[in-house]
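K.L.:
Please find the sequence and the predicted model below.
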Amino acid sequence: MKRRQRLLAGTLLAAILAGPLSAAAATPQAQGVVWQIDNTHVYPYGDWDQLGVQDLLVQWTAVNNIAFVSTPNIPPAPRLPDWPRIAGEPWARNVIVGLDGNFNETTARAEAISLVEQSVKLAPYHPPVHVVGWYFPVEIDPTWADAKTLRTVLGTLPRPLWISVYDNSNIGGAALANWLASWLPSDVGVFFQDGCGEYARDAPVARTYADALSAKLGSTRVRIIAEAFRPAQGGGLRAATADELGTQLDNYHGYRTYLFDGPHYVSRQLVQELLDRANGAAVKARAVAAASGVAH
């Protein structure tokens, strides 16, 4: 009997290990990808849909008084994106359109009211994509003493509206949620930047932040930005490895998670490595389950 069980177990394990694996992730690893447009990244290409991505968050459509759409109010960039092509990409079925921003955070915050006013004028000239929301690209954290001044002016922007928040001071998820709830309009959603990119925290701790925000603000208002970069030796940034980014994505199940940012850091090769990692984990889990079932 034991010999028969061993033979059966061997047959089951061989079938599992030899079984075909899907090219795309059976369970989505991410739902969105962020695109931070600049003059060297106006033609985004990638296989992000293989990870489950269907949403595109465009960080801004104008920045530093240069527009990446045709508008009479702001001078155009030297090259404009091929928006009709982007609209047809499987990873851009739903697009959250970023409004007017500035590369420099200090300047963006100082000029936030003006950027809101410019954004109101910019919104009607949005790209020809399936717009499901809007994003105001002035990033927020608890060290910004005047952030509460946004409460009224955010009301002039189109809906659904999203902002992003980070916490490099590590005040904790509950404190961050309470601070946001004290002034952020109740119909504005939050993208939480996980802080893993520059080691502000690890993914399990980032998950506790998202849970605290969700408990305070409501689950439909909270999404996670998974930072897909790490500090590089000698300065600058590098792409996260599959294990680094995969660990983040593993921890964020249940939240709509967006990769920051796709064109800069999440290459086709990294997508394939993430798929291989997920498929390897799935094969191992199936093998363990089969062996356990035979044992019983």
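P.N.:
Received it, and whenever you're ready, just let me know what you need.
K.L.:
Quick one: name whatever helix or strand follows the helix-or-strand element of the chain with minimal mean pLDDT.
P.N.:
Ranked by mean pLDDT, DSSP states H and E, the weakest helix or strand in the chain is helix 2-18, scoring a mean of 38. Following helix 2-18 in sequence order, the next helix or strand is strand 32-35 (DSSP states H and E).
K.L.:
tell me the contacts of the residue nearest in space to the middle of the chain?
P.N.:
Centroid-nearest residue in the chain, with C-alpha atoms, centre = their mean: Tyr258, separated by 1.7 Å. Each residue near Tyr258 by C-beta atoms under 8 Å, 6 or more residues apart in numbering is listed here: Ala30, Gln31, Gly32, Val33, Val34, Asp55, Leu57, Phe191, Arg223, Ile224, Ile225, Ala226. From N, CA and C alone the C-beta is placed, and that goes for glycine too.
K.L.:
could you flag which of the residues you listed are buried?
P.N.:
Among those, those that count as buried by neighbour count (16 or more other C-beta atoms under 10 Å) are Ala30, Gln31, Gly32, Val33, Val34, Asp55, Leu57, Phe191, Arg223, Ile224, Ile225, Ala226.
K.L.:
List the contacts of the second one.
P.N.:
Contacts of Gln31 were listed using C-beta under 8 Å, 6+ apart, and they are Gly52, Val53, Gln54, Asp55, Arg256, Thr257, Tyr258.
K.L.:
for the closest residue to it other than its chain neighbours, phi and psi?
P.N.:
The shortest distance from Gln31 to any non-neighbouring residue, by C-beta to C-beta, 6 or more residues apart in numbering, is to Arg256 (4.4 Å). Main-chain torsions, Arg256, degrees, to the nearest 10: phi -70, psi 120.
K.L.:
Check Pro78 too.
P.N.:
Phi and psi for Pro78, reported as degrees, to the nearest 10, are phi -60, psi -30.
K.L.:
I figured it hits Asn39, correct?
P.N.:
Yes. Here Pro78 lies in contact with Asn39, judged by C-beta atoms under 8 Å, at a distance of 6.1 Å.
K.L.:
residue boundaries of the helices in the stretch 151-296 of the chain?
P.N.:
173-181, 203-217, 242-251, 262-265, 268-295 (DSSP state H, counting those that start in this stretch).
K.L.:
Look up how far Leu259 lies from Pro76.
P.N.:
As judged by C-beta to C-beta, to the nearest Å, Pro76 and Leu259 stand 28 Å apart.
K.L.:
Tyr45 now?
P.N.:
Going from Tyr45 to Leu259 by C-beta to C-beta gives 14 Å.
K.L.:
Comparing the two, which residue is more hemmed in?
P.N.:
A count of neighbours by other C-beta atoms under 10 Å puts Leu259 above the other of Tyr45 and Leu259, at 31 against 13.
K.L.:
follow-up on the earlier one: by neighbours, which of the contacts of Gln31 wins?
P.N.:
Neighbour max across these (other C-beta under 10 Å) = Val53, 28 neighbours.
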